[in-house]
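Engineer: Let me see the structure of the following:
(2 chains)
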Amino acid sequence: MAEVTEEWQPKIVMFCCNWCSYGGADSAGMGRFQQPPTVRVIRVMCSGRMDPVFILNAFLEGADGVIFSGCHIGDCHYVNGNYKATVKYKFLKAMVNELGLEDERLKLDWISASEGERYAEVVTEFTEQIKKVGPSPLKPEGVI
Amino acid sequence: MENEEIRIGVFVCECGVNIGGYVDVQAVADYALTLPDVEYVKINKFTCADSGQAEIQIGIKEHNLNRVIVAACTPRTHEPTFRACCKEVGVNPYQFEFVNIRDQCSWIHMWDREGATAKAKDLVRMGVARARLLEPLEESSVPVDQNVLVIGAGVAGMQAAIDFGDMGYNVYLVEKEPSIGGRMARFDKVFPTNDCSICILGPKMVEVARNKNINIMSYAEVTDVDGFVGNFEVTVMHKPRYLDTSICTGCGACQEACPVEVPSEFNENFGIRKAIYIPFPQAVPMRAVLDKENCIGCKACEKACEAGAIRYDQEPIYEKLKVGVITVAVGMDAFDPLPHNNYGYGLYDNVITTMEFERLLNAAGPTGGHVVRPSDAVEPITVGFINCVGSRDVNENIYCSGGVCCMFSIKNAQLLKEKRPETNHYVFYMDIRATMRGFEEAYNRARDLGVKFIRGKPVEITEMENGNLVVRVEDTLKGEIMNVEVDLLVLGTGLVPNQGVRDMGSILKLPRSTDNFLTELHPKLAPVDTTTDGVFVAGCAAGPRDVAYSTAHGSATAGRATRLLSVGSAPIMGITARINEDTCVVCGVCVDKCPYGVFEIVGTNGDRRVNVVEALCKGCGTCVTACPTGALEQSHFKNDQILAQVKNVLVYEGGE
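Structural biologist: Residues are numbered from 1 along each chain as shown, chains lettered A, B, ... in the order given. This is a model prediction of the structure:
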């Protein structure tokens, strides 16, 4: 297990839908909303594309946390893909526990393309949350 | 193709100092060169500039690259640019991969160069892993039917129809009301120039009627739309007018004869109309309509009609149309203060709305242009206007109605003051939003005329015995509590989405924003496009706006849509769902999951299979996740492509 130090920065995988949350990340950039460099964003077209396999794989590879994010309920670019994402989230929450991981390591949140500041807040708060629970017990030795 | 050697080029953009100032671009470039299949790395000052694009093309040619990665800004704005750049020199646009190291590194980790650089390396590594698996895709196209549907014949829809018609396309203009014209036909004057509304709209309505390419379908509603860009199948319901419009001359004898009087919707329920009526004097088409709900069946109209046009037994007629493009211009409603009795509306007789005031002010209105108050039909001396009713209010709608209500109050106070100089006017406002050309001047004119502007949101309205109202308000500029007695109080109601917006949202599968208006494809760069290809939105259906703005948007939809019509074909993007029939078990899960009806089960018994209508697919990929056998894949967002990114987020310290 990686050593827990003051400077330890978790690695978080974040799945963003193209239309809202990836746009939120862009807005965070445009607005220069500073945040810890802990998140690696993977773009999918819709949060409904979120396959549980992606998230479980991220944890197996050693990610300390995973966020997946889409448009606010009612605002989905594809009518209701985000609603379908919530169903997967419930299932994934249970799976994460099965893997022996803490609840806090998985997060679903809605961020619109205009919510740059909120995007930065979500990233910052989640990073703090992960720092509290520490490195993932699934992280293979020597992986950064 | 399968065994082709992968040769990746990585182009790292400095974006001036936007990236170069906060990320060690050289370190990122050096790292990229160590990654598998990366043959060439180049740092560009500005990759998107002509010179930067030229460097990409030279790199492709000299190093025989077949995958290109640009590590720069966001694909949401620049992906089409680089895809086109790659395509020009023979690299398939879908074998281009964007890595965002500006919005996701340099701009958000400005004080952490080391962290930003490490992250940029990770993102490039993830991009390379994905690029290695990217497949070339061909964009297909579908033919575009040359007919046009415009839904809603207010000023925006009429302008769209005229423009389409003038360009030579056949237009079906569907309007739910018996006459075209929309809201604007009901206004007295329009700001900021105070033109008589119907005087400028009337000729436009006639222009629509005279245009040989426009087929007006009034008193009709779109009930269903199937199909996809270029090939929409539309069902229109013609509501029964209970008369033969081909014989009716619009002479009005029927409404003279009709004994039934009901409140006139056109006059905001002030004044009356008959059960059979001509909507308003400038109506197009100039045809009567029978309101069956209020008809008592006396047949007086039938006797009065010399042409013999009355048909009591008409039923709704459903008509199918084939069109290539659609403009949605279904308009809005004014906020209704009745349910919450805002400012005493509905409780006190002399509290009315702006739209009601418009009809009272109108010379063709129920009072012949005399503004009178409802309680005693006396012409008021002191009139109060409250702005932001139903707008900028956390209890109702938080949005501003675009200054439309500000300008209505300013205009109406001014008009009444000009008509009857002895009157006094108070406008209670939070902020005056006179933002467009000529608006500030109109505001100044009203002030010069003596209209008093009180900055404050009234907290209480009290009705006096004589029907007058006392407005309790803090003048926030003076810090003074005022009790202003007025004879008539006019509520500047905001604009809200109407039933048409809700219906079209579900029929055409258009998303709506948190304010419940339709959402444009992009608020700045694609303001009249929608997420449904071939469907465009104009006027207030996509948010509060004034006449000029709505007209411009009507024209804009015609312009945007004509791109498809004139070329005659529409591209289908490559990121659609594909099915592997060998592994598909025809369970039908995808049929339910797809919001667009891409999948249909065809055949019977042993021949059952899932048919994929690719042109309908918008590329969300939800079906792929739902498919239990893995028979579905989304091109360009395939499972292995995304998993490659996932697997490359983390890496063993010191290399592989």
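
Engineer: what about stretch B:537-544, start to end distance?
Structural biologist: Terminal residues of stretch B:537-544 lie 13 Å apart, using CA to CA, to the nearest Å.

Engineer: Indicate whether that stretch makes contact with chain A.
Structural biologist: No. Using CB under 8 Å from any CB of the partner chain, stretch B:537-544 never reaches chain A; the gap is at least 14.0 Å. C-beta coordinates here come from the backbone N, C-alpha and C atoms, glycine included.

Engineer: can you tell me the helix or strand for B:Ala570?
Structural biologist: Using DSSP states H and E, B:Ala570 maps to strand B:569-572.

Engineer: ignore the last one, B:Val148
Structural biologist: Taking DSSP H and E as the criterion, the element that holds B:Val148 is strand B:147-151.

Engineer: Give me the buried positions along the helix or strand just after that strand.
Structural biologist: Stepping forward along the backbone from strand B:147-151, the first helix or strand reached (DSSP H and E) is helix B:155-166. Within helix B:155-166, the residues that count as buried by 16 or more other CB atoms under 10 Å in any protein chain shown are B:Val155, B:Ala156, B:Gly157, B:Met158, B:Gln159, B:Ala160, B:Ala161, B:Ile162, B:Asp163, B:Phe164, B:Gly165.

Engineer: Stretch B:97-108 now?
Structural biologist: Across stretch B:97-108, burial judged by 16+ other CB under 10 Å covers B:Glu97, B:Phe98, B:Val99, B:Asn100, B:Ile101, B:Arg102, B:Asp103, B:Gln104, B:Cys105, B:Ser106, B:Trp107, B:Ile108.

Engineer: what residues does the strand holding B:Ala570 touch?
Structural biologist: With contact meaning CB atoms under 8 Å, 6 or more residues apart in numbering or on different chains, strand B:569-572 is reached by B:139-144, B:229-230, B:533-534, B:564, B:614-615.

Engineer: Tell me the predicted confidence for the residue in the stretch 301-450 of chain B that chain A sits nearest to.
Structural biologist: Residue nearest to chain A within the stretch 301-450 of chain B (CB to the nearest CB): B:Tyr399, separated by 12.8 Å. With respect to pLDDT, B:Tyr399 scores 95.

Engineer: again, but for B:Met1
Structural biologist: B:Met1 carries a pLDDT value of 49.

Engineer: ditto for the one 10 residues further on
Structural biologist: B:Phe11 carries a pLDDT value of 98.

Engineer: Check B:Lys509 too.
Structural biologist: pLDDT for B:Lys509: 78.

Engineer: I'd guess it is in a helix, am I close?
Structural biologist: No. B:Lys509 is assigned coil when assessed by DSSP: H, G, I helix; E, B strand; the rest coil, not a helix.

Engineer: correct me, but the residue of the stretch 301-450 of chain B closest to chain A touches B:Asp393?
Structural biologist: No. In this structure, B:Tyr399 is not within contact of B:Asp393 by CB atoms under 8 Å, at 9.7 Å.

Engineer: which of these two has more neighbours?
Structural biologist: A direct count of neighbours by other CB atoms under 10 Å in any protein chain shown for B:Tyr399 and B:Asp393 places B:Tyr399 higher, at 19 against 16.

Engineer: ok so, going back, any idea which element the residue of the stretch 301-450 of chain B closest to chain A lies in?
Structural biologist: Of the helices and strands defined by DSSP H and E, none includes B:Tyr399.

Engineer: who touches it in this structure?
Structural biologist: Counting by CB under 8 Å, 6+ apart, B:Tyr399 makes contact with B:Ser391, B:Arg392, B:Gly494, B:Asp515, B:Gly543, B:Pro544.

Engineer: what do you get for B:Lys87?
Structural biologist: Residues near B:Lys87 by CB under 8 Å, 6+ apart: B:Pro93.

Engineer: Go again with 10 Å.
Structural biologist: Applying CB atoms under 10 Å, 6 or more residues apart in numbering or on different chains to B:Lys87 gives the contacts B:Pro93, B:Tyr94, B:Phe96.

Engineer: One more: B:Arg502?
Structural biologist: B:Val330, B:Arg512, B:Asn516, B:Leu518 are the contacts of B:Arg502 under CB under 10 Å, 6+ apart.

Engineer: Which of the three states applies to the one residue in chain B that gets nearest to chain A?
Structural biologist: Here the residue of chain B nearest chain A is B:Asp103; by CB to the nearest CB that distance is 2.8 Å. Three-state assignment for B:Asp103 (three-state DSSP): helix.

Engineer: nearest residue to it other than its sequence neighbours?
Structural biologist: Nearest residue to B:Asp103, sequence neighbours excluded (CB to CB, 6 or more residues apart in numbering or on different chains): A:Gly29, at 2.8 Å.

Engineer: Give me the three-state assignment for that neighbour.
Structural biologist: On the three-state scheme (three-state DSSP), A:Gly29 is labelled helix.

Engineer: right, and it touches B:Ala72 too?
Structural biologist: No. The criterion here is CB atoms under 10 Å, and A:Gly29 misses it with B:Ala72 at 11.8 Å.

Engineer: which neighbours do the two share?
Structural biologist: Residues touching both A:Gly29 and B:Ala72 (CB under 10 Å, 6+ apart): B:Asn18, B:Asn100, B:Arg102, B:Asp103.

Engineer: of all these, which two lie farthest apart?
Structural biologist: B:Asn18 and B:Asn100 (12.2 Å; CB to CB).

Engineer: any common contacting residues for these two?
Structural biologist: Both B:Asn18 and B:Asn100 are contacted by A:Gly29, B:Ala72, B:Cys73, B:Trp107, under the criterion CB under 10 Å, 6+ apart.

Engineer: and the gap between the first one and B:Ile101?
Structural biologist: Shown here: A:Gly29 relative to B:Ile101, a distance of 10 Å by CB to CB, to the nearest Å.

Engineer: what sits against the residue in chain A positioned nearest to chain B?
Structural biologist: Chain A approaches chain B most closely through A:Gly29 (2.8 Å), counting by CB to the nearest CB. Contacts for A:Gly29 (CB under 10 Å, 6+ apart) come out as A:116, A:119-120, B:18, B:73-74, B:100, B:102-108.

Engineer: B:Ile461 too?
Structural biologist: B:341-345, B:347-348, B:350-351, B:384, B:386, B:469-473, B:486, B:489.

Engineer: Which ones among those map onto strands?
Structural biologist: When DSSP state E is applied, the contacts of B:Ile461 are split such that B:Val351, B:Gly384, B:Ile386, B:Leu469, B:Val470, B:Val471, B:Arg472, B:Val473, B:Val486, B:Leu489 fall in strands.

Engineer: hang on, the earlier thing: farthest-separated two in the contacts of B:Tyr399?
Structural biologist: B:Arg392 and B:Gly543 (14.4 Å).

Engineer: ok, the two, which is more surrounded?
Structural biologist: B:Gly543 (23 against 19).

Engineer: doesn't A:Gln34 fall inside a strand?
Structural biologist: No. Read with three-state DSSP, A:Gln34 is coil and lies in no strand.

Engineer: out of everything not next to it in sequence, what's closest to it?
Structural biologist: Nearest non-adjacent residue to A:Gln34, counting by CB to CB, 6+ apart: B:Ile108, 5.9 Å away.

Engineer: The one you found against A:Gly24, yeah?
Structural biologist: No. With contact defined as CB under 10 Å, B:Ile108 and A:Gly24 do not form a contacting pair (11.7 Å).

Engineer: so what's in contact with these two at the same time?
Structural biologist: Contacts common to B:Ile108 and A:Gly24, judged by CB under 10 Å, 6+ apart, are A:Phe33, A:Gly116, A:Tyr119, A:Ala120.
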